[in-house]
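Peer 1: sequence first, predicted coordinates after that:
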Amino acid sequence: MAKNIMIQGTMSNAGKSLLAAGLCRIFHQDGYQTAPFKSQNMALNSFITRDGGEMGRAQVVQAEAAGIDPDVRMNPVLLKPTTDVGSQVIVNGQVQGNMNAMEYYRRKREYIPAVMEAYQSLDREFDIIVIEGAGSPAEINLKQEDIVNMGLAKMVHAPVLLVGDIDRGGVFAQLYGTVALLEEEERALVRGTVVNKFRGDRKILEPGLKILEDLCKVPVVGVVPYLHVDIDDEDSLTERFGRDSSRKAVDIAVIRLPRISNFSDFSPLERYENVSLRYVEHPGQLHQPDLILLPGTKSTIADLLWMRQNGLEAAVLHAASAGTLIFGICGGYQMLGSRISDPEGVEAASVTSVAGMNLLDMETVFEGEKVQVQTSGVFSGIEGVLSGLNGLAYQGYEIHMGRNRRDRELPVRTKGNIYGSYIHGIFDAPGITDTILKAICAQKGIPFESLGTFDQKQYKEQQYDLLADMVRANLDMDYIYRIMGLKDE
């Protein structure tokens, strides 16, 4: 049986995912076969595994950090919000349907067998399982049906590290208040606290840390600094959306849709020193970019109507007519067609049919069965400025309910300066991003070398190692190994 450790937080975005990834990398470096696990994840950023299952990207990142392939058993329940009160429910990688929040809450315990079967299967194959909680374990209105925080910790007998976010302020109240709201049996599972995202001199914290240990009756296992690592974030709480919006030698604008998903598709474009990748929410922010990206979305029709109402659609159409490169991925690709129809109400939107932007010759019809598959091949048939992609190998994955009414679906559909694809991760393979940026540089008359280049795979591995180094240096790893039973206490 595997040893385990669970990372819970005082709130969403306390840094659980990143710390769990850091521990996965440390255990991997130390020679242990390690797997991540999150019983229930709510996120629009998802991934398709080799066998066609869908899972949250946070556990994909953690699996990569652990040096293993992602597997849906690492995230047996995934909730993808479709509205403010409802989500698409995915169990063991497959869609179960849409449910509103109350329905899912009533039925949540039905998924315990699937959660435990997935966990026990990993338990038989790995040395260590790093478990991530969700939100806060002190949501006293939800604890009765909990399957992701203390409810899961009790089921798998996991020691818990409770993480607080000092960057938001009130970290002592966060940690002590959370522990105080736990039941006695739950408090016994908390073996330590972690102060996360610290900026400053730890000596200033020391008096408070001692008092916190006395109050919580467990040690402070570490004070982790604000981590400046370039690793994909879990969901739309990411700081990526609020970063510097200044325009550089090559300027790329991503339309920040209300229900944006899989924005990690664009990570390869962010690595170049002289390329700006900005997230745009209204027409005044668009300016005159060299490339406009329309990302994936969980609600294509609703988000297209949002663009139409706030003027962004008109701004994109104006840019397209002026020759600006437009590239849509998945839902953003569907928006570029002539019409989007949802006769079965798959997206649960109030409108079931809407005209598209009419930039590509295609119609999209939503059907009940989701396409979820990994895909690879060689680009062909691409015209225009990006024709240099032809002959390059690509790989990625598709997740969509819509079907296009065309005789044959190409990896990239083109019409003049307009490009679209269903493939998430399409920019990841070697040479693809460089080719796109070289084409833009040629248009602008600037040398591609001025942008700076990098090796995507090597860069990612370096970032995981940097994360592990920072986590190892600031957590008491001897203590963690002891509470896991891998060293004598």
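Peer 2: Yes, it's here.
Peer 1: what is the least confident helix or strand in the chain by mean pLDDT packed up against?
Peer 2: Every helix and strand of the chain was ranked by mean pLDDT, DSSP states H and E. The lowest is helix 101-107, at a mean of 87. Using 3 or more C-beta pairs under 8 Å, 6 or more residues apart in numbering; DSSP states H and E, the elements in contact with helix 101-107 are strand 86-91. Bear in mind the C-beta positions are built from the backbone N, C-alpha and C, glycine included.
Peer 1: paired strands for the strand it packs on, with orientation please.
Peer 2: strand 77-83 (antiparallel), strand 94-100 (antiparallel) (DSSP bridges).
Peer 1: can I get the longest strand along the chain in CSV, CA atoms only?
Peer 2: In the chain, assigned by DSSP state E, the strand with the most residues is strand 363-378. Output of strand 363-378 as CSV, limited to C-alpha atoms (Å, rounded to 0.1, in the frame of the first residue of the first chain):
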residue,chain,number,x,y,z
GLU,A,363,-21.6,25.5,-39.1
THR,A,364,-21.5,23.9,-35.7
VAL,A,365,-24.2,21.7,-34.1
PHE,A,366,-24.0,20.6,-30.5
GLU,A,367,-24.7,16.9,-29.8
GLY,A,368,-25.1,15.0,-26.6
GLU,A,369,-22.0,12.8,-27.0
LYS,A,370,-18.7,14.6,-26.2
VAL,A,371,-15.6,14.2,-28.4
GLN,A,372,-12.6,13.5,-26.1
VAL,A,373,-9.6,12.1,-27.8
GLN,A,374,-5.8,12.6,-28.1
THR,A,375,-4.7,13.4,-31.6
SER,A,376,-1.5,13.8,-33.6
GLY,A,377,-0.4,14.1,-37.2
VAL,A,378,1.3,16.4,-39.7
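Peer 1: quick one on the thing from earlier: which residues does the least confident helix or strand of the chain contact?
Peer 2: 79, 85, 86, 87, 89, 99, 142, 145 (C-beta atoms under 8 Å, 6 or more residues apart in numbering).
Peer 1: and for residue 8, the neighbour number?
Peer 2: Residues lying near residue 8 (other C-beta atoms under 10 Å) number 28.
Peer 1: how about residue 173?
Peer 2: Residues lying near residue 173 (other C-beta under 10 Å) number 12.
Peer 1: can you confirm it is in a strand?
Peer 2: No. The assignment for residue 173 (DSSP: H, G, I helix; E, B strand; the rest coil) gives helix, which keeps it out of a strand.
Peer 1: quick check: it vs residue 180, distance?
Peer 2: According to C-beta to C-beta, to the nearest Å, residue 173 stands 10 Å off from residue 180.
Peer 1: looking at the strands paired with strand 86-91, which is nearest to residue 203?
Peer 2: Judged by C-beta to C-beta, the one of the strands paired with strand 86-91 that comes nearest to residue 203 is strand 77-83, at 42.3 Å.
Peer 1: looking at that closest one now, give me its mean pLDDT.
Peer 2: Confidence over strand 77-83 (mean pLDDT, whole number) is 89.
Peer 1: which residues are in contact with that strand?
Peer 2: By C-beta under 8 Å, 6+ apart, the list of residues contacting strand 77-83 reads 39-44, 46, 54-56, 87-91, 98, 104, 111, 114-115, 147, 259, 261, 298-299, 347-348.
Peer 1: those in strands, which ones?
Peer 2: 40-42, 46, 54-56, 87-91, 98, 261.
Peer 1: and those, which is closest to residue 163?
Peer 2: residue 41 (16.7 Å).
Peer 1: can I assume residue 143 is in contact with residue 136?
Peer 2: No. Using C-beta atoms under 8 Å, residue 143 is not in contact with residue 136, being 10.1 Å away.
Peer 1: of these two, who's got more company?
Peer 2: A count of neighbours by other C-beta under 10 Å puts residue 136 above the other of residue 143 and residue 136, at 20 against 16.
Peer 1: am I right that the more buried one is in a strand?
Peer 2: No. Per three-state DSSP, residue 136 lies outside any strand segment and is coil.
Peer 1: ok, now how distant is it from residue 331?
Peer 2: For residue 136, the distance to residue 331 - C-beta to C-beta - is 31 Å.
Peer 1: contacting residues for residue 360?
Peer 2: 333, 336, 337, 338, 413, 415, 418, 420.
Peer 1: now the fifth one, nearest residue through space, not along the chain?
Peer 2: Of all residues beyond its chain neighbours, the one nearest residue 413 is residue 420 (5.0 Å), with distances taken as C-beta to C-beta, 6 or more residues apart in numbering.
Peer 1: need phi/psi at the one you found.
Peer 2: phi -150, psi 150 (degrees, to the nearest 10).
Peer 1: give the bridge partners for it, please.
Peer 2: Legend: beta-bridge partners of residue 420 under DSSP bridges are residue 328, residue 413.
Peer 1: that one contacts residue 411, correct?
Peer 2: No. The criterion here is C-beta under 8 Å, and residue 420 misses it with residue 411 at 10.3 Å.
Peer 1: ok, these two, which is more surrounded?
Peer 2: residue 420 (25 against 19).
Peer 1: could I get the pLDDT score of that one?
Peer 2: 96.
Peer 1: how much space between it and residue 191?
Peer 2: From residue 420 to residue 191 the distance is 50 Å (C-beta to C-beta).
Peer 1: again, but for residue 289
Peer 2: In this structure, residue 289 and residue 191 are 49 Å apart, going by C-beta to C-beta.
Peer 1: ok, residue 397 next?
Peer 2: From residue 397 across to residue 191, the span is 37 Å (C-beta to C-beta).
Peer 1: got it, and residue 172?
Peer 2: 19 Å.
Peer 1: who does residue 297 bridge with?
Peer 2: Beta-bridge partners for residue 297, by DSSP bridges, are residue 260.
Peer 1: surely it is in contact with residue 262?
Peer 2: No. The pair formed by residue 297 and residue 262 falls short of the contact definition of C-beta under 8 Å, at 9.1 Å.
Peer 1: what's stretch 308-316 in contact with?
Peer 2: Stretch 308-316 is contacted by residues 255, 280-283, 286, 292, 294, 304, 306-307, 326, 357 when judged by C-beta under 8 Å, 6+ apart.
Peer 1: what's the answer for stretch 151-163, then?
Peer 2: 4-10, 14-16, 19, 39, 112, 115-116, 119, 129, 131, 133, 137, 143, 145-146, 150, 175, 178-179, 185-186, 189-194, 196, 221, 480, 483-484.
Peer 1: packing partners for the biggest helix by length in the chain?
Peer 2: The residue-count maximum for a helix in the chain (DSSP state H) belongs to helix 456-474. Judged by 3+ C-beta pairs under 8 Å, 6+ apart, helix 456-474 is in contact with helix 16-29, helix 57-65, strand 220-225.
Peer 1: residues of it that come out buried?
Peer 2: By 16 or more other C-beta atoms under 10 Å, the buried positions in helix 456-474 come out as 456, 460, 463, 464, 466, 467, 468, 470, 471, 472, 474.
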